[in-house]
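Chemist: Sequence unavailable; structure follows:
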């Protein structure tokens, strides 16, 4: 990724550092996401109520997915222009990958686990192999949101329109939540846009689309900036100011703004948007002058291959259900499972990249 066709050495160094910051940020977020997934699938009630479970839920309950898609929106405007058709093709690929992942990480292993008596339906609650396939997870959302953001960027190529769009999504979304027709197939499509957790819509387009729309503004301003350190410092204070606006709004009606059905209200969206700016400032500070740090390099590697890592860790978690059962592990065992999933996901990414490179060389 480059800002211009032939950047000067100083510009190239600045660009590399900027990408280093976002790779590191995504690396941190993917670690937190693994912790949440393992906790939700494998952790017993005791584990969820323990210090470990409570800490993970506090650190990663809402902000991980919100900041992921904020960064996705940032890259839409930060990276060089790409044809609209190519971007829409990638969006469709993400959407289709979401359902393929549902099938391979959820439907098939859950069906086999039930068939072989490794888990019981009582342990799974309302989840079934069929409901697992139709879950609207972050990849389905990312595909639709990417298409929307690309179209907005193409037809309304100015940040003021992106801000207006994000404002409308934030405050108007509650008015279309749970609108239904009574027709099963149509309502199944509608839940992609306005569904809730209990319908299997973990990330409905409204209101989650607000995060990548604001991320587009951040990416646009970053690309225009000449001083990366000054830009992030200003972003930090802007983020603090946004949080100071969002938190009081949230406190006025916490049940509404901090909805437990995966549809945050305006107060939460505003607060987490400000939090994204503070988080990215912190990542920039941590990566400054740390190019040789192995820990930073590892997280950056995971961040650069975030989609591959995400898919592999979900396959491990889904098929691991046949080994450990659903929500059975005590705290220490759950922590061991988290470490194992992260390590095996890393190995999977390395193997995938080697196979991909070999195939590319043969094709060349």
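Modeler: Happy to help now that I have it. Please read all numbers here as calculations on a predicted model, not as lab measurements.
Chemist: contacting residues for residue 63?
Modeler: By CB atoms under 8 Å, 6 or more residues apart in numbering, the contact set of residue 63 is 272, 275, 276, 279. The way it works is simple: take the backbone N, C-alpha and C, and place the C-beta from them, glycine included.
Chemist: If we use 6 Å, what do you get?
Modeler: Applying CB atoms under 6 Å, 6 or more residues apart in numbering, one finds that residue 63 lies in contact with 272, 275.
Chemist: The helix or strand bottoming out on mean pLDDT in the chain: what's the following helix or strand?
Modeler: Ranked by mean pLDDT, DSSP states H and E, the helix or strand of the chain with the weakest confidence is helix 9-42, at a mean of 80. As assigned by DSSP states H and E, the chain's next helix or strand after helix 9-42 is helix 45-49.
Chemist: how far does that next one sit from the chain's center?
Modeler: 25 Å (CA atoms, centre = their mean, to the nearest Å).
Chemist: repeat for stretch 178-193
Modeler: 24 Å.
Chemist: thinking again about what came up before, which other helices and strands contact the least confident helix or strand of the chain?
Modeler: In this structure, helix 9-42 makes packing contacts with helix 51-60, helix 63-78, helix 266-287, helix 294-304, helix 306-324, helix 331-363, judged by 3 or more CB pairs under 6 Å, 6 or more residues apart in numbering; DSSP states H and E.
Chemist: I'd like to know how many residues surround the closest residue to residue 285 other than its chain neighbours.
Modeler: Leaving out its chain neighbours, the residue that sits closest to residue 285 by CB to CB, 6 or more residues apart in numbering is residue 232, at 7.8 Å. By other CB atoms under 10 Å, 22 other residues sit near residue 232.
Chemist: Give the helix, strand or coil label for residue 232.
Modeler: helix (DSSP: H, G, I helix; E, B strand; the rest coil).
Chemist: do the one 5 residues further on as well
Modeler: The three-state label for residue 237, taken from three-state DSSP, comes out as helix.
Chemist: follow-up on the earlier one: let me have the helices and strands packed on helix 9-42 in TSV, extended by distance to residue 93 and mean pLDDT.
Modeler: TSV is the format used below for the helices and strands packed on helix 9-42 (distance: least, CB to CB, whole Å; pLDDT from 0 to 100):
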stretch	distance to residue 93	mean pLDDT
helix 51-60	26	88
helix 63-78	14	94
helix 266-287	25	95
helix 294-304	18	92
helix 306-324	10	94
helix 331-363	15	90
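Chemist: and of the ones you listed, who's closest to residue 116?
Modeler: helix 306-324 (7.5 Å; CB to CB).
Chemist: Run through who's touching the closest one.
Modeler: 26, 30, 34, 37, 41-42, 101, 105-106, 109, 113, 118, 302, 341, 344-345, 348-349, 352.
Chemist: The residue nearest to residue 285 reaches residue 283, doesn't it?
Modeler: No - applying CB atoms under 6 Å as the test, residue 232 and residue 283 come out as separate, 9.0 Å apart.
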